[in-house]
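Enquirer: Sequence first, then the predicted structure:
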Amino acid sequence: MKTLFPKNRPLRWVLPAAFLLVAIFLQWQVPGWLAKPEAWTVDARFELRGAEQTGQPVMIVALDEASFQVLGDLNGENIRTWPRARWAEMVNKLAVGRPRLIVLDVVFDTPGWDTGGDQALAEAIRAARANGTGVVLAANLAQAVGSSAGVATAGLTYSPPVDVLAAAASASGVANLPVDADDAIRRTTLLYPFADATLPSLGLAAATLYRGQAVNVPAADLGKDLSLPIHFRGPEATFRTVPLHQVWLDEAAPETLEGAIVVVGYTTEIEQDRHPAPFGGIRSLPGAEIQANIIDTLLSENWLHRPPAWLPVALVAAAGLVGFTLASLPSPGLGTLSLGGSLLLYLGLGAWLFNRQGYLLPLTAPLVTAALLGAATITERAIFAERDKRLLRQRFSGLMSPERLQALLDNWENLLNTERPEKDAAVLFADIRGFTHTTELLMKENRSPEMVRFLNAYLDSMAQAVFVEGGVIYRTFGDGLLILFGLPEPLDDHHRKAVRAAMRMAEASRSLQPLWPLRDENPFQMGIGLNSGPMVDAIVGRGRRYDYTVLGDAVNAAARIESHCKVAMEISRPEGNWPVPPEVTVLVGSDLYQRVKDNILADKNIPPFEARGKAEALRVVRMLGLKEMFR
């Protein structure tokens with residue numbers, strides 16, 4: 001939970017929480033806020049599934065371009081202005097094949113222009129019915145625009161077939177289809193309340209007549225407008241399609257119609273009865289093809305299932321929390337990959353449920369919410385990380401080489417991880433002997449500026465010696481230095497580089513002797529203590545109160561070793577002209593010595609000593625220099 005809700009970083013959760021609350025509110029109060037992209041995901045799911053075999057004996061007789069051309073040349077007539085008598089002939093020709101139903105997706109809401117034409121069509125319909133073929137006619141229900149045709153109620157105009165045809169037909173139904181936010185057709189309204197009646201859709205009327213009983217659609221699958229998602233089988237011509245001219249010219253065998261539901265309708269562009277729909281592509285789907293899909297859906301009872309109203313809201317909330325949590329993982333790269341993987345898994349789940357169960361799992365709102373919450377979280381992390389890096393750069397810019405500082409900044413997120421692993425590293429403590437006494441004396445003599453100038457030269461010399469060997473000045477406290485080798489980033493051969501840095505520091509002390517303010521009274525002296533072992537480093541704190549810290553028994557031991565330098569200085573060194581000046585005492589802990597004993601010149605005559613907080617005496621050696629081959 002510390003990662004998710006760190007102190008002193010309100011944006012860490014306020015910004016994502018605000019995004020999440022807005023998304024939940026929109027999904028609750030404005031369920032269609034992402035209706036268009038959600039509808040497009042439905043089309044994509046159909047495309048991924050691909051075309052299916054039709055489940056019912058539904059076929060289409062198409063009034064297509066070829067039929068317009070052939071029949072126009074044959075009779076000198078335009079199908080668009082056919083007399084009703086010609087429609088009567090078409091019904092008679094279709095009835096010869098003994099289909100179960102003829103569904104005319106053409107509205108005959110005004111009397112025909114040919115005398116006796118409506119009566120002839122009515123007679124053809126009755127003859128078909130007498131021969132066992134039901135006939136379903138289309139009606140129109142649209143917004144009232146002042147037309148005198150039809151019956152207007154509450155802003156709607158209902159245009160049924162003319163009375164003589166309606167009386168002859170087996171049934172009639174509203175052919176209109178509701179459109180989604182992108183003007184595409186993906187659902188059908190089954191029942192239309194109008195005046196004191198409830199009007200069935202054309203597809204419902206045909207399916208009910210074919211079955212001989214009502215189609216039982218669960219209320220949970222219906223929308224508020226009594227619409228039902230259509231289970232589209234595939235692109236145009238998925239249902240067996242026969243051009244009208246082939247039926248008219250007896251080129252289609254009558255037995256191909258036997259027992260079928262024959263949907264008759266226009267498929268040409270000019271009739272404006274082509275509509276954007278799943279599998280529609282650039283040319284869209286003809287209205288007759290959509291009606292065929294509706295009838296097939298109702299008869300097969302495999303319509304698509306909508307989720308309950310509460311589920312999209314719950315999914316948005318869950319997706320937001322998942323996005324926030326994954327984007328908050330210690331590693332931003334891992335968080336981003338995990339978030340992307342989760343989004344892909346959710347997409348896969350949506351496709352699987354659609355293919356196997358016909359279930360319309362909401363996709364867009366949860367995915368957008370998860371992506372936005374993840375992006376907001378990552379953005380917040382980037383803002384604060386850059387701020388912290390800037391402060392850290394200011395804090396460490398003079399304490400480590402630019403290369404080491406950049407390595408630390410590049411691994412900033414890892415350093416923020418509270419579960420940091422132990423690492424083997426070397427640590428060096430150093431301070432000036434008698435510094436406190438010297439400072440007090442100089443201040444009494446009003447010579448404190450001399451000590452400031454000396455400290456600047458001292459720190460510059462020590463930093464240069466450390467940086468050459470890849471060390472990091474972890475902390476300065478007055479004259480004291482704490483230097484790391486192998487942290488915060490791994491350093492090859494850090495054990496030997498630590499003792500090499502100590503040697504460089506000892507050599508640098510020679511140039512500091514002339515600058516020591518009390519050089520006439522006593523020489524400049526310093527102590528250096530080194531040790532190695534497992535340590536843990538991390539960034540602790542947040543905001544402006546943060547620090548890079550190192551923990552471990554090896555660190556505590558190194559501090560005790562450096563403090564013991566003032567005692568070791570009283571122990572005589574072996575005779576000889578050693579590389580380490582006599583004014584500098586370098587003590588190396590036993591753990592580090594075991595790793596570099598073949599590389600340093602050591603005085604092993606320093607006795608073990610008791611240290612505060614240590615159960616066993618600490619063993620050290622005094623480094624006198626480096627072996628020639630190592631230097």
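Expert: Cool, got the structure.
Enquirer: could you give the mean pLDDT of the helix or strand Ala602 falls within?
Expert: Per DSSP states H and E: Ala602 is located in strand 600-603. Strand 600-603 shows a mean pLDDT of 94.
Enquirer: Work out the gap between that strand and the centre of the chain.
Expert: Strand 600-603 sits 59 Å away from the centroid of its parent chain (C-alpha atoms, centre = their mean, to the nearest Å).
Enquirer: residues in contact with that strand?
Expert: Residues outside strand 600-603 that contact it (C-beta atoms under 8 Å, 6 or more residues apart in numbering) are 499, 573-574, 578-579, 588, 593, 621-627, 630. C-beta coordinates here come from the backbone N, C-alpha and C atoms, glycine included.
Enquirer: now with 10 Å?
Expert: Applying C-beta atoms under 10 Å, 6 or more residues apart in numbering, the contact partners of strand 600-603 are 496, 499-500, 502-503, 568, 571-574, 576, 578-580, 586-588, 592-593, 596, 620-628, 630.
Enquirer: Parallel or antiparallel, list what pairs with it.
Expert: With DSSP bridges as the test, strand 600-603 is paired with strand 620-626 (antiparallel).
Enquirer: Could I have the CA atoms of the strand it pairs with written out in CSV?
Expert: Only the C-alpha atoms of strand 620-626 are listed here, as CSV (Å, rounded to 0.1, in the frame of the first residue of the first chain):
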residue,chain,number,x,y,z
VAL,A,620,41.8,-5.2,11.0
VAL,A,621,45.1,-4.7,9.2
ARG,A,622,46.9,-1.4,8.5
MET,A,623,47.4,-0.8,4.8
LEU,A,624,50.9,0.5,4.1
GLY,A,625,50.6,0.7,0.3
LEU,A,626,49.8,-1.3,-2.8
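Enquirer: re the thing from before, would you mind listing the buried residues in the strand holding Ala602?
Expert: Of all the residues in strand 600-603, those buried under the rule 16 or more other C-beta atoms under 10 Å are 600-603.
Enquirer: hey, which helix or strand in the protein has the poorest pLDDT?
Expert: strand 151-153 (a mean of 50; mean pLDDT, DSSP states H and E).
Enquirer: Please state the mean pLDDT value computed over the very next helix or strand once past that one.
Expert: Sequence order places strand 156-159 as the next helix or strand after strand 151-153, per DSSP H and E. Strand 156-159 carries an average pLDDT of 87.
Enquirer: Pairing partners for strand 156-159, with directions?
Expert: Strand 156-159 pairs in its sheet with strand 134-143 (antiparallel), strand 151-153 (antiparallel), by DSSP bridges.
Enquirer: Give the residue spans of the protein that score low on pLDDT.
Expert: Within the chain, the segments meeting pLDDT under 70 span 1-13, 73-76, 143-155, 384-418, 541-547, 628-631.
Enquirer: Quick one: residues contacting the residue nearest to Gly625 when sequence neighbours are not counted.
Expert: Nearest residue to Gly625, sequence neighbours excluded (C-beta to C-beta, 6 or more residues apart in numbering): Pro579, at 3.2 Å. Residues near Pro579 by C-beta under 10 Å, 6+ apart: 503, 506-507, 601, 623-628, 631.
Enquirer: how about a cut-off of 8 Å?
Expert: Contacts of Pro579 by C-beta under 8 Å, 6+ apart are 503, 506-507, 601, 624-626.
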